[in-house]
Every structure is written in structure tokens, then in C-alpha cells.
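Peer 1: sequence plus predicted model, see below.
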Amino acid sequence: MSPKLLSLLFLLVPAVLQAQTKISGKITDGKKQPLPGVNIYIKGTYDGASSAADGSYSFTTSAKGDQLLSATIVGYKPFEQTVNLGGTAINLNIMLKDAVNELKMVTISAGSFEASDDKKNTILQSLDIVTTGGANADIVAALKTLPGAQQVGDKEGLFVRGGTSYETQTFIDGMMVRNPFFSGMPDFAARGRFSPFLFKGTSFSSGGYSAQYGQGLSSALILESNDLPTRSSSSVGIMTIGGSLGFEQLAKDQKSAYTVEANYTNLLPYFKVFKTLRQPTTYPEIAGGSFSYRRKTSKTGMLKAYFYGNWSRFGYRSESLEYEGDEELFELKNYNVYSNITYRESLGKGWRMNAGISYSTNKDNLHMDTVMKNLEARVGSRSDLSQARLVFSKSLGAFSSLRVGGEYQYAVENTSYNQYQLDYDDNFGAGFIEADVYFTPKFVGRAGLRTEYTSLMDKVNLAPRVSMSYKLDDAGQVSLAYGEFYQKPEQQYLRQRNDLNYMRATHYIATYERRSVAYTLRTELFYKKYHDLIKTAPALNNDGTGYAQGVELFWRDKKTIKNGDYWISYSYLDTKRDYLNYPREVQPDFAAKHTASFVYKQFFSAISTNIGVTYSFATGRPYYNPNRPVAEFMRDRTRTFNTLGLTANYLTTVGKAFTVFVLSISNLAGQQQEYGYRYSSDGLRRSAVRPMTPSFFFVGMFMSFGVDRRQEVIDNN
Amino acid sequence: MKRFLSFFLMLTTVATIANAQSAQYQETMEQQIGEMYKNQQSGGLAQSANTFDRIAEAEKTQWLPYYYAAYCRVMQALDAQGSNAIDAFADQAEKSIEKAEALSKDNAEIACLKSLITTARINADPMTRGRKLSPVAARYLSDAKKYDAENPRIYLLEGQSLFYTPEQFGGSKVKAKEKFELSLKKFDAFKPASSLAPNWGKEYTESLLSKIGR
């Protein structure tokens, strides 16, 4: 190295250190509003600044030559530009573009209500289901306070927008649940089998749902099971009507967990104390248990297995309508097993896989008798369902996605009536493809196609579904949906004739909603056309028709009242159908024209008590009076339905256990409820369909011992 | 010989530049950490967070700038109102602390901060998140104990959680007091690993303790 060069080097070093360039300017957003707090700097150096309240910034840098100037702030796309630093001051005004995030993006929402803790800004949270007054921690009872659902108290299930409960299909982790409710008795609605605590997400669709799901003409209830718990725990529940025990163990490496749970319910004490509509012969009794195992198989993989078994019985005697002075006996025993194993994993390159298998069996043994006449009947029914499901999804670009999948179900249906037996089995296959396409972050479209085949009827269907949502501003969005929905006729008809066809419904839905952290306003207009409903008279065929149309409103306010929260829902329903033995299209006996619910929850922090009150109202439902001429079929109406429910949760600790005391009362005011009337075949005698007890209440204590904490206590001593 | 000389010269130049870099790091960090504690009083944490982000990105191998960026954001999260705002700060804090953790494993300071981020998330919606996330926050602290049981911030955070949790949910002012006293004892014995190492919380512990009363 020459001395010349060396000296040059020495000369240069201080020059480099001294030459500073000043960079300044103003940063704004897309609407030219100043953006404060933006981190603006020369990449790879410490030199930079944060923009001030008016969006202005200024800093000096000693870096030289071509360098990257970077401006970043959460919620906006990062900005980068090459600048030449040579001591001359630079003035640069920058406009940052909105980055798309979950909260700013439009979501597909027509027809669906979602309760989730994982996703931000859902209308409900998982806890809402448990704290809804009078719902007794029953998922379906809580969902009945939402628009679209009917207040039907004499049959289990969700009656949605002029549809029967058969038209609502329940899915757990994507797989159909054949018997989501306990076996009910005539005129006596049973609870859902599955506790809301099992699920991290509940989505109730009152129409226009995704092509991923099928076989529900009206509605889908989509439940997503919990992932790993955050700690090990054991729990004990003591109720006036039974008890439960549970144990959950999270492995040391926090990658797997298993849960064992057992419960027992007996209504004998309750029915001894409170007068029942009918005289129990076997007091309602339920015993059940479940086991689940979950394992995180990799960073993105999750394996879940769930096994559930249950036994229940119930029986009563009541005055015979048909034979005056005689008594009718009705006894039921039910056995139910439900299991599923699911696996999800990311396959790389944006592909994800969801696989699952499931097996369930349900057996009902009925014993009916008209006692003195000795008209004994023993009815047995057993349904087995095995299924497998495989879905692949691929993300397209930043937010769009494609889903493609298929499922296969093998169903065996056995029925016996005294010495007679009628069985059938069905191989059912379905495939779907569906894409969510974000044209812009504010405008999304979904197009899906579903096809199904059943070997029993040997029929294929093709169900296209389309929906789109457009975000108007930060809070408001409009959505439209259209879809075709098919469903197999109910088992009792299929077993008589296997050349029937699918029933079909066409949905059109328009939604407007505004949603912020504190408020939700939602209004929905819908029109549903029924085709090929089942007729039983004059002949068993698919000639039934019908429609349902209406408007629904939902308003939730979490802010106005401190520690309080309320929602109001209202549904107007205009529906008529000609099905079963109806002589023509009339308003069916399960549909009320106006339905409204008011749900209010208040947390009293001083006494750490949460109180939920729910008031529901429905106008009278039609019922069939055989004494009227055919022209006046279903002309009569029941009295209006009113019910007030209350749930109080008092949170405390008992010893080391986190404890919740629960008081739940349905129909607090003891309002007279009638769901319809039954007539003797000569039409001379009738009896009102009423709840088994006018109101129902229970008190329970649920204790949960965190195993981690207990360990901590042991360690400390 | 000339060759050797130029090689030697190059080597020393490189070393000098590297030294200069680390001197700049040391100096800037010291200054910015001091700034940050001042900003904490005056509400200028967003600015400090940005500064630490810049340093972190320029250095890439130092965990402390990421740590302090996360610290600023979690403090902002604890001050913020509304679950969306709190979550936004917590998300940023989490991103930074994860980068810090990738550079420094089994670090009690990092585990403490992760616990604090979880606490901020609980504050956003205690009714729905408390039961699920409280054990997570507690677990980070027990991890921290495994890495360095002498770190006073562990006991400060344990005490803080006991202090703010209602008695019905397992909180206790008596137990909180014990934790704060233990924390102060540890603070007295605590020697930060360097002039840049985290050294916050003593005054805060004292202020919480004074709320309980001696």
C-alpha cells in the first residue's frame, strides 16, 4: 500500500464521521391525515425518528451513499425507498397505505352468528352461552335468544326460519352429529348432549351456510372443540339434580392432554317436590362419561380424539285422551355413544389438511301401553353412523383461500315395532369445492359447489352456493347470500319408500350490520323456498312445498351500562308449507309470526356475581283442531308465549378451589305456557301441550382445582 | 512484507470498526434506556419503542434491544383502554420478545416479560380470558424461577398478580405482601449482568407494598 493511499484513508475516516445528512418531511395516511408514531429510519443504522403528532419527522444520519429509508407502523404497509445520502438535506413526504388486518377486513357473515374466543370481534363469546339467563348452560337454549330461532319448548332442537328441527344439522369439528340431543319424550324437549365448555367456538347459521356442510335444509350448528388446556385441573360439580367429576391432565411438555369426565343426573328429588304435569313411573335419570385426548403433533399439527357414552331413562303415566278413564304409559331407555378422531396439519406451501373419522350409535327402547286396555307396544330404534371426512385448504395470496374436500357416511337404521322389523342402510358420499376470494380487503366473494349421493335413494344432487360481503366503513358491512340446500327425508319415511327424493330449500339472504367493540347492530332479510318436502297424505311422496320469508333484528350493547351487557333480538316470520298431511300451504304448528328476546347480563364486582336475565316472547302458534272443517285447517292459535329466565353465578374460592355457585330458573314468573293441543280421534276431548313442570330451577356448585396451583402450594411448604 | 502490512492494517481497521460499533451500541443503549425510564413517566414510550426497534434491527444479534422494545409495548398495553388497543400492543410486544428469546434462551428476564404480556391480555377481558390465561402467566414465572430464582422481578410479578386478583379468584393481599417483601430482598442482592441489563421494578414494588401498608 502506497503512503499516498494510506494518508488518503486517514483523511477520509474523519470525513465519513462528520458528513451528516438531514432528512425530514411529513407522513400521512391514505386520507392525507397526519400519522404520528411512525418509525422512520435508515435501515441497518440507529439513525431515525418517530413522527410527531402532526406527522412531521426530522433526523440526521451519518450514513453515506445509497441507503434504504424505511417507515413502519402497525396497521400500515411498510414503506421503503432508496435515498442518496451525501450531506444535502432531503425532504421527503410519505404516504403510508393501509395494511389489511383481521379487524379491517370484511368477513363473510350472511346468516351466521359466531361465538368464539379466538377470533376478534365476534358477536358472542363462548362465555355468553353459559351466562345467558335461564339457558341452564345449554347451547341450544342460549342460541334460541338469537334472531331466526323459534321458541319451541315441546320438541328438542333448533327451529330456524320456518324450518323444523330436523332441518338443523349439528357438526363437531366438521363432522355430522346424528343425535346431538338427549332422547326426548313426546311434548318434552330434551337438552343438548354436549356441554358448552367443550367448545372454543360455536357458529350458528340461520341460512346460507358454507358448501363444506350439507344435509340441513335450514340451518347448521357448527361446533369447534377445545385445543389444549392451559393447565391441569380437576373439577367437582354438585347440583340439586346430580353431580359430575372431571379430571384434566396437561403433560409436562405441554404438548398433550387427556380429559376424563363422568356425570350423573336424577330428577327424582325434584319431581317429588314439585308437581309434574304427568305422573313419573321412572324418574328421569342420566349417566354418562367421556374421555378425550389431544396432542400437538408438531408446531402446526393437532390430533384430537373424543369418546362419549351415555345412558338415560324416563317414564310417565298420563290420562288417556283416547280412552276416557284409562291411562297411557310411556317409558324410554336410551343408549348413546359418540366418538370422533380428527387430525389437522399444515402441509406447506399454503396447504392445510383436516381429516377426521367418527362413529356413533344411538338406541332408543320405547315401551308404550294403554294400561287397562293392554294395548302394549314396544318400539326399538337404533341408528349407527360411521363417517370419514377429508378437507384440503390452500391459501391464495394474502387472504383468499380455496377448500376442497369430501366425506363418506355409512348409516344403518334399525327399527322394530313389537314383532315387526324394518331396517335399511345407506352409503352417502359428498364432495365440495369452495373459494373465498378477496377482490379487495373490503370486498369478498365466496363461491362453492357441493354434490351428494345416497345409495338408498340412488340420487345425486348438486348444490351451488354463493355469498359476498362488502365493507362500507370501519364498522358497517352489507352481505348477500344465495344457496341450494338438500336433505334426505327423515328416517321414518325413507324406511317405507326408498325411491323418494331429496328435499330442497333455496335461500336468499341480505344482511346489513354495524359492529364495534361496544355495539352490534344487525338486520337481515331472507326468503327461503322449499321444494320436494315430504307428503304423507294422500300418498307418501315428495310433492310438498313451502316458503319462509321475514326480517330479523339484533342489537347488542356492551358499553352503555357499566359492567352490564344486553341484547335484543326480534324475528318476523311469514311461512307456509304444505307437507305431511296438510291439505294445502298453511302456517305450520311450530312457527310463530313474531318472536323476540331480551337478554341482560350484569356483573356485580363487589359481590363477584354475574346475573343474567332473559325474557322471551312469541305470538301464538297454530294448532290442528279436528272439529274444524278442512277449509279452517290450522286456524286456531295457542296463547302467546312469555318466559322469564334467570341465571346467577357467584364466583368464589372454597379452600383451594375456584368455585362457582349457580342458580338457574326457567320461567321465573310461572307464566302459563301452551305449545298446542292434542285431540282424541273423535275430536271430543283435548289436552294442552305444556311443559312437564311450569318452571324449573336448579342450584349447583362447581369447583375446579388447578393442579398446577396445588403443586405450587405443596412446593412452597 | 508490504502485503503483510496491508493485511495487518486491514485487520486492525476491521477491529476498530467493530469496536466502534459496539461502543456506539453501548453508548446509545445506555442513553436510550435512561430516556425510556423518563419517557415512561411522560407517556413517550412509543418513541422509545421505535428507537429500540431500530437498534434491534441494526444489530440483529443483541437480545436487549428487542427486550426493551417489548418492555415499552407491554407498558403501553398495560396503560391502554379497550381490548383491541391492548391486544395490538400485546401483539407487538410478543413479536419483539419472541425475537429476543430466539437470541437468548432460558432467560429469566424474558420469561418475566412474557408473563407480563399475558397479564396485559388478561386485563383486556378478565371475564373470558382470566381462567384460561392466568395459568399461562403463572407458568412463565415458574419458568423464570427455573432459569434464575434470584431475579427480583419474578416475585414482584407474582405479588402483583396476587395483589390485583380478587380474593375469590385466589388473590390475597397478605400473600402479595410476602412476595413484595421477598422481591425487595432480592432487589437488594441483585446485580444486573451489565449496565444495559434490565433493572426495573424496585420502586414499583415499593409503591405497591406501601398500598398494602406495613
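Peer 2: Everything's here; your move. Numbering: from 1, shown residues only, chains lettered A, B, ... in the order given.
Peer 1: relative to chain B, which residue of the stretch 451-600 of chain A is the closest?
Peer 2: Closest to chain B within the stretch 451-600 of chain A is A:Val517: 5.8 Å, counting by CB to the nearest CB. In short, each C-beta sits where N, CA and C put it, glycine included.
Peer 1: for that residue, give me its contacts.
Peer 2: Counting by CB atoms under 8 Å, 6 or more residues apart in numbering or on different chains, A:Val517 touches A:Asn121, A:Lys558, B:Gly82, B:Ser83, B:Asn84.
Peer 1: show only the entries of these found in helices.
Peer 2: B:Ser83, B:Asn84 (DSSP state H).
Peer 1: ok, which stretches of chain B are helices?
Peer 2: B:2-42, B:45-59, B:63-79, B:83-103, B:108-124, B:126-147, B:152-164, B:173-189, B:202-212.
Peer 1: CA atoms of stretch A:399-414 as PDB?
Peer 2: Taking C-alpha atoms only, stretch A:399-414 is exported to PDB below (Å, rounded to 0.1, in the frame of the first residue of the first chain):
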ATOM      1  CA  PHE A 399     -56.300 -13.700   2.400                       C
ATOM      2  CA  SER A 400     -58.100 -15.700  -0.300                       C
ATOM      3  CA  SER A 401     -58.400 -19.400   0.100                       C
ATOM      4  CA  LEU A 402     -59.600 -22.500  -1.600                       C
ATOM      5  CA  ARG A 403     -61.200 -25.500   0.100                       C
ATOM      6  CA  VAL A 404     -61.800 -28.900  -1.400                       C
ATOM      7  CA  GLY A 405     -62.900 -32.000   0.400                       C
ATOM      8  CA  GLY A 406     -65.100 -35.000   0.600                       C
ATOM      9  CA  GLU A 407     -66.900 -37.100   3.100                       C
ATOM     10  CA  TYR A 408     -68.400 -40.600   3.300                       C
ATOM     11  CA  GLN A 409     -71.100 -41.800   5.700                       C
ATOM     12  CA  TYR A 410     -72.400 -45.200   6.300                       C
ATOM     13  CA  ALA A 411     -75.700 -45.300   8.200                       C
ATOM     14  CA  VAL A 412     -77.600 -48.200   9.500                       C
ATOM     15  CA  GLU A 413     -81.100 -47.700  10.700                       C
ATOM     16  CA  ASN A 414     -82.900 -50.400  12.600                       C
END
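Peer 1: buried by neighbour count: which residues of it qualify?
Peer 2: A:Ser400, A:Ser401, A:Leu402, A:Arg403, A:Gly405, A:Glu407, A:Tyr408, A:Gln409, A:Tyr410, A:Ala411, A:Glu413, A:Asn414 (16 or more other CB atoms under 10 Å in any protein chain shown).
Peer 1: sorry, back to before: now, among the contacts of A:Val517, which is nearest to B:Ile110?
Peer 2: Of all the contacts of A:Val517, B:Ile110 sits closest to B:Ser83, with 24.9 Å by CB to CB.
Peer 1: distance of the residue nearest to the closest one when sequence neighbours are not counted from A:Leu127?
Peer 2: Counting by CB to CB, 6 or more residues apart in numbering or on different chains, the nearest residue to B:Ser83 once its immediate chain neighbours are dropped is B:Ala124, at 4.0 Å. Distance, B:Ala124 to A:Leu127, using CB to CB, to the nearest Å: 14 Å.
Peer 1: again, but for A:Ser666
Peer 2: For A:Ser666, the distance to A:Leu127 equals 20 Å [CB to CB].
Peer 1: looking at those two, which is more packed in?
Peer 2: Neighbour totals were compared for A:Ser666 and A:Leu127, and A:Ser666 leads with 23 against 19 (other CB atoms under 10 Å in any protein chain shown).
Peer 1: quick one: contacts for that one?
Peer 2: A:Gly134, A:Asn136, A:Thr643, A:Gly645, A:Ser695, A:Phe696, A:Phe697 are the contacts of A:Ser666 under CB under 8 Å, 6+ apart.
Peer 1: that one bridge partners, please.
Peer 2: A:Phe696 (DSSP bridges).
Peer 1: sheet partners, orientation included, of the one helix or strand A:Glu407 maps to?
Peer 2: Using DSSP states H and E, A:Glu407 sits in strand A:400-417. Applying DSSP bridges, strand A:400-417 is found paired with strand A:377-396 (antiparallel), strand A:420-440 (antiparallel).
Peer 1: in a markdown table: those, plus mean pLDDT and mean neighbour count.
Peer 2: Output for the strands paired with strand A:400-417, formatted as a markdown table (pLDDT from 0 to 100; neighbours: other CB atoms under 10 Å in any protein chain shown):
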| stretch | mean pLDDT | mean neighbour count |
| --- | --- | --- |
| strand A:377-396 | 96 | 17 |
| strand A:420-440 | 94 | 16 |
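Peer 1: just to revisit the earlier point, buried only: go through the contacts of A:Ser666 for me.
Peer 2: For those, buried by 16+ other CB under 10 Å: A:Gly134, A:Asn136, A:Thr643, A:Gly645, A:Ser695, A:Phe696, A:Phe697.
Peer 1: and the last one, what's its pLDDT?
Peer 2: Each residue has a pLDDT score; the one for A:Phe697 is 88.
Peer 1: how about the second one?
Peer 2: Per-residue pLDDT puts A:Asn136 at 84.
Peer 1: report the contact partners of the residue lying closest to it once chain neighbours are set aside.
Peer 2: Spatial nearest neighbour of A:Asn136, chain neighbours left out: A:Ser664 (5.0 Å); criterion: CB to CB, 6+ apart. Counting by CB under 8 Å, 6+ apart, A:Ser664 makes contact with A:Gly134, A:Ala135, A:Asn136, A:Ala137, A:Gly645, A:Leu646, A:Thr647, A:Ala648, A:Phe697, A:Phe698, A:Gly700.
Peer 1: and chain B, which residues reach chain A?
Peer 2: B:2, B:5-6, B:9, B:24, B:28, B:46-47, B:50-51, B:53-55, B:57-58, B:82-84, B:87-88, B:91-92, B:127-129, B:131-133, B:135-136, B:138-139, B:142, B:166-170 (CB under 8 Å from any CB of the partner chain).
Peer 1: redo that, cut-off 6 Å
Peer 2: Counting by CB under 6 Å from any CB of the partner chain, chain B comes close to chain A at B:6, B:28, B:46-47, B:50, B:53-55, B:58, B:82, B:84, B:128, B:132, B:135-136, B:168, B:170.
Peer 1: quick revisit: dump the buried residues of stretch A:399-414 to CSV, plus distance to A:Arg678 and pLDDT.
Peer 2: Listed next are the buried residues of stretch A:399-414 as CSV, based on distance: CB to CB, whole Å; pLDDT from 0 to 100:
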residue, distance to A:Arg678, pLDDT
A:Ser400, 54, 90
A:Ser401, 51, 93
A:Leu402, 52, 96
A:Arg403, 47, 96
A:Gly405, 45, 97
A:Glu407, 39, 97
A:Tyr408, 41, 98
A:Gln409, 35, 97
A:Tyr410, 37, 97
A:Ala411, 31, 96
A:Glu413, 27, 95
A:Asn414, 29, 95
